[in-house]
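Q: Structural data only, the sequence is not supplied:
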């Protein structure tokens with residue numbers, strides 16, 4: 001049997017201890033950092049359009065956060081990935097805008113990419129209304145300011161949980177006679193603010209159905225929008241329905257996809273009976289029919 005000297009044994013022992021001693025560095029390779037796959041769809045993105053960011057390679061239960069152009073993105077598990085929805089507001093400047101995704105506490109677990117937003121011409125519409133609905137009286141002006149505060153609070157709702165699932169449905173049947181994004185020439189004067197919803201030309205009294213599950217966060221009669229209902233679908237997604245002849249939903253009510261929110265009417269500043277349907281994602285005004293198409297694609301087999 002080979003004989004090992006005491007000195008060799010001591011040297012070997014001290015060498016092993018030195019590897020783990022404080023201040024001593026072992027030549028072990030650093031642990032690999034797994035970076036997820038991140039895909040933005042569509043790219044480029046029209047102004048006024050919704051988008052989605054898909055994060056793959058992480059456990060579906062992982063905590064992921066993000067932002068687009070300074071507005072938060074909330075994520076949910078879907079088909080083995082994590083999905084976050086965002087929107088390019090109708091008034092956003094065309095060009096590159098930052099989108100960031102954070103999947104861990106370390107600064108290295110963050111990636112920022114540039115999303116290109118394209119300009120898009122939505123056209124101009126002409127509307128004639130009584131001049132008293134343009135040049136407001138002091139009392140009407142005070143009323144609209146109070147109502148703006150109410151709607152601003154409602155549109156700032158960011159419930160942490162996603163309340164909706166599956167493809168969105170149309171709130172009413174019928175055609176769109178004034179599309180999202182058009183500028184309005186009101187009594188001959190061009191308004192700088194574009195039309196932030198889609199107008200459906202349907203008969204007065206037609207039931208207006210919730211496009212998805214959610215919770216009613218505001219319902220009432222407003223100067224411009226008439227009888228209105230705002231629905232929180234969770235994670236910053238808000239839908240709104242204007243000019244109703246009757247409101248059937250109550251504030252605080254939890255609603256399911258297809259529930260009747262009210263009836264089509266011609267209340268507020270309108271020229272005839274129709275439904276104005278609007279959608280916001282964390283403050284970004286987006287095209288409702290395009291969003292519905294995106295949910296259909298998301299849930300397609």
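A: That came in fine, so what should we check first? These figures come from a predicted structure and were not determined experimentally. Residues are numbered from 1 along each chain as shown.
Q: what about stretch 229-241, how long is it end to end?
A: 5 Å (C-alpha to C-alpha, to the nearest Å).
Q: contacting residues around the closest residue to residue 254 other than its chain neighbours?
A: Setting aside the residues directly before and after it, residue 254 is nearest to residue 215 in space (C-beta to C-beta, 6 or more residues apart in numbering), at 5.2 Å. All C-beta atoms are positioned from the backbone trio N, CA, C, and that covers glycine. Residues in contact with residue 215 (C-beta atoms under 8 Å, 6 or more residues apart in numbering) are 159, 163, 231-232, 252-255.
Q: do that again at 7 Å, thanks
A: 163, 231-232, 254 (C-beta atoms under 7 Å, 6 or more residues apart in numbering).
Q: which stretches of this protein aren't confidently modelled?
A: 1-34, 192, 301 (pLDDT under 70).
Q: so residue 167 makes contact with residue 299?
A: Yes - assessed by C-beta atoms under 7 Å, residue 167 is found in contact with residue 299 at 5.1 Å.
Q: Comparing these two, which shows the higher neighbour count?
A: Shown here are residue 167 and residue 299; by other C-beta atoms under 10 Å, residue 167 has more neighbours (17 against 13).
Q: and the more buried one, helix, strand or coil?
A: Here residue 167 is recorded as coil under DSSP: H, G, I helix; E, B strand; the rest coil.
Q: could you measure it against residue 292, distance?
A: Using C-beta to C-beta, to the nearest Å, residue 167 is found at 7 Å from residue 292.
Q: Quick check on the contacts of residue 215: which are buried?
A: 163, 231-232 (16 or more other C-beta atoms under 10 Å).
Q: Keep only those of these that are in strands.
A: 231-232 (DSSP state E).
Q: is it possible to export the buried ones among the contacts of residue 215 to a markdown table including distance to residue 152?
A: Listed next are the buried ones among the contacts of residue 215 as a markdown table, based on distance: C-beta to C-beta, whole Å:
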| residue | distance to residue 152 |
| --- | --- |
| 163 | 21 |
| 231 | 16 |
| 232 | 14 |
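Q: tell me which of the buried ones among the contacts of residue 215 is nearest to residue 269?
A: residue 231 (21.8 Å; C-beta to C-beta).
Q: Not counting its neighbours along the chain, what's nearest that closest one?
A: residue 214 (4.3 Å).
Q: How many residues are close by the one you found?
A: Neighbours of residue 214 (other C-beta under 10 Å): 25.
Q: again with the one 5 residues further on
A: One way to gauge burial is a neighbour count; for residue 219, by other C-beta under 10 Å, it gives 22.
Q: looking at this, it is in a helix?
A: No - assigned with three-state DSSP, residue 219 falls outside any helix and is strand.
Q: Okay, and the beta partners of it?
A: Counting by DSSP bridges, residue 219 is bridged to residue 229.
Q: Contacts only, for it.
A: Counted by C-beta under 7 Å, 6+ apart, residue 219 has contacts 228-229, 247, 249-251.
Q: Now name the helix or strand holding the residue nearest to residue 254.
A: Following DSSP states H and E, one finds residue 215 within strand 214-222.
Q: For that strand, what is the distance to the chain centroid?
A: Computed by C-alpha atoms, centre = their mean, to the nearest Å, the chain-centroid distance of strand 214-222 equals 18 Å.
Q: Ok, stretch 183-198 next?
A: 23 Å.
Q: residue ranges for the helices of the stretch 201-301 of the chain, please.
A: Under the criterion DSSP state H, counting those that start in this stretch, helices of the stretch 201-301 of the chain are mapped to 288-298.
Q: which parts of stretch 108-116 are buried?
A: Neighbour-count burial for stretch 108-116, counted by 16+ other C-beta under 10 Å, picks out residue 115.
Q: contacting residues around that stretch?
A: The contact list for stretch 108-116 (C-beta under 7 Å, 6+ apart) reads 33, 38, 40, 43-45, 68, 96-103.
Q: try 8 Å this time
A: With C-beta under 8 Å, 6+ apart as the criterion, stretch 108-116 contacts 33, 35, 38, 40, 43-45, 51, 68, 88, 95-103.
Q: Any of the residues you listed buried? List them.
A: Buried among those (16+ other C-beta under 10 Å): 38, 40, 45, 51, 68, 88, 97, 99-103.
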